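1. got a predicted model here, sequence first, then my questions.
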Amino acid sequence: MVFERVPYRSGAQAALDVMAGRTQMMFANVIEVAEQVRDGRLRALGATSATRAPLLPQVPSFVELGFRDFQADSWFGLLAARGTPEASLQILHQAVNAVLAEPGAIEAMGRVGVQARAMGRADWAAFLAAQTTRWTAIARASGARAE
């Protein structure tokens, strides 16, 4: 099976084309399609995270379905320009952790599909390096090129 990439401005536009039968499938962020999956307008085949998405707990992950290497999470992180003073980096790190420690903050993010977790700076750097290595290898193996 060969997939053809069809660029869209938003996940909502892609979902409309899948629901209308103009395209056969899509990969989407959970928050973009959760409502349509819950009401039956879209059928979710699997979550690309390692575990089930809290917004769609009835949908198994591809890992759970036996595709152990089929994992692609969306993630967000805070980055600063090279040369940012250490004191400024520490202030930013403490501010992010303070927000995440607020009562209900992680739950509120979860309601919109974000599974937030605090990471130490060294852990974040290691995570970012591992993601860069992984996705660089995948892009090279696939022959993908930036457009």
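-> In hand now; what should we look at? Remember, predicted model here, so these are calculated numbers, not experimental data.
2. what does the average pLDDT come to for stretch 85-96?
-> Mean pLDDT, computed over stretch 85-96, is 95.
3. how distant is that stretch from the center of its chain?
-> Distance of stretch 85-96 from its chain centroid, counting by CA atoms, centre = their mean, to the nearest Å, is 25 Å.
4. and residue 100, how many neighbours?
-> 14 (other CB atoms under 10 Å). In this view, the C-beta of every residue, glycine as well, is placed from N, C-alpha and C.
5. residues in contact with it?
-> 106, 116, 117, 118 (CB atoms under 8 Å, 6 or more residues apart in numbering).
6. out of those, which are buried?
-> Buried members of these, scored by 16 or more other CB atoms under 10 Å, are residue 106.
7. could I get the contacts of residue 100 as a markdown table with distance to residue 50?
-> Listed next are those as a markdown table, based on distance: CB to CB, whole Å:
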| residue | distance to residue 50 |
| --- | --- |
| 106 | 18 |
| 116 | 16 |
| 117 | 13 |
| 118 | 19 |
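8. what is the nearest of the contacts of residue 100 to residue 30?
-> Of all the contacts of residue 100, residue 30 sits closest to residue 116, with 14.0 Å by CB to CB.
9. list the contacts for the residue lying closest to residue 63 once chain neighbours are set aside?
-> Nearest residue to residue 63, sequence neighbours excluded (CB to CB, 6 or more residues apart in numbering): residue 50, at 5.3 Å. Contact partners of residue 50, counting by CB under 8 Å, 6+ apart, are 61, 63, 71, 73.
10. ramachandran angles for residue 50?
-> phi -70, psi -30 (degrees, to the nearest 10).
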